[in-house]
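# This is a predicted model, with the sequence first.
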Amino acid sequence: MSDSTSTAPPGGLSAKQRRTFLVGSVLVALLALGGIASVDMSDNLVYFWEPRELYAAGDDAYGAQIRLGGLVKEGTLNWDEGAQELKMVVTDGQADVTVHATGAPPQMLREGIGVVVEGTMTREGVFKTDRLMVKHSNEYRAPQEGVATKELYKTVEGLE
């Protein structure tokens, strides 16, 4: 004999129970996807210190692997092709850091452009790096009619 006080249909859940289960399952799935996405995105973000933050870190900064970001200070870019060494000053407008980089610099590097360098700060006050990245816009603009190609190269190479 069946129990006449039961509200669930035979062999299953009531409509209200199915709806509650479905909503709960969707919420759990969304939370799981959100957690995975946030962890994945945080791994791909590039955080960097500005020069004033580097100096504020004090002794913790020396010898640690650090990403330093800022602008190449006007008049400080010095490339020694024979030694394959680049010397420049990176600034955030409040503090300056002398940077020595090894290897060929990116073609877009010029004074006044944003850079991120990965390396270590020495006790002598020089940031040594072998990885230099130029910050730039991802926007592509086609050359305007009548602009000579050599003039375009000057804007990319930073030539005057």
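Arrived safely, thanks for sending. Numbers count the residues shown, from 1 in each chain.

# Quick one: the strands in the protein, in order.
Along the chain, the segments classed as strands by DSSP state E run 66-72, 78-80, 85-91, 96-102, 114-121, 126-134.

# now the third one, how far from the centre of its chain.
A distance of 20 Å separates the centroid of the chain from that of strand 85-91, by CA atoms, centre = their mean, to the nearest Å.

# packing partners for it?
Where contact means 3 or more CB pairs under 8 Å, 6 or more residues apart in numbering; DSSP states H and E, strand 85-91 is packed against strand 66-72, strand 78-80, strand 96-102. C-beta here means a position set from N, CA and C on the backbone, and glycine is covered the same way.

# The second one now?
Under the contact criterion of 3+ CB pairs under 8 Å, 6+ apart, strand 78-80 touches strand 85-91.

# Parallel or antiparallel, which strands does the strand it packs on pair with?
Note on strand 85-91: by DSSP bridges, its sheet partners are strand 66-72 (antiparallel), strand 78-80 (antiparallel), strand 96-102 (antiparallel).

# Just put those in CSV and tack on distance to G112, mean neighbour count and mean pLDDT.
CSV is the format used below for the strands paired with strand 85-91 (distance: least, CB to CB, whole Å; neighbours: other CB atoms under 10 Å; pLDDT from 0 to 100):
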stretch, distance to G112, mean neighbour count, mean pLDDT
strand 66-72, 6, 21, 93
strand 78-80, 15, 11, 90
strand 96-102, 14, 19, 95
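
# Report the mean confidence score over the top helix by length along the chain.
Ordering each helix of the chain by length in residues (DSSP state H) puts helix 15-44 first. Mean per-residue pLDDT for helix 15-44: 82.

# Tell me the gap between that helix and the middle of its chain.
The answer for helix 15-44 is 28 Å, by CA atoms, centre = their mean.

# likewise stretch 98-113?
The answer for stretch 98-113 is 17 Å, by CA atoms, centre = their mean.

# likewise stretch 63-81?
On the basis of CA atoms, centre = their mean, stretch 63-81 sits 17 Å off its chain's mean C-alpha point.

# cool, and stretch 92-108?
That offset, for stretch 92-108, works out to 16 Å (CA atoms, centre = their mean).

# and if you look at stretch 124-139?
Chain-centre distance of stretch 124-139: 12 Å, with CA atoms, centre = their mean.

# Count the residues that sit near the residue lying closest to A104 once chain neighbours are set aside.
Of all residues not flanking A104 in the chain, Q84 sits nearest, at 6.7 Å (CB to CB, 6 or more residues apart in numbering). When neighbours are counted by other CB atoms under 10 Å, Q84 registers 12.
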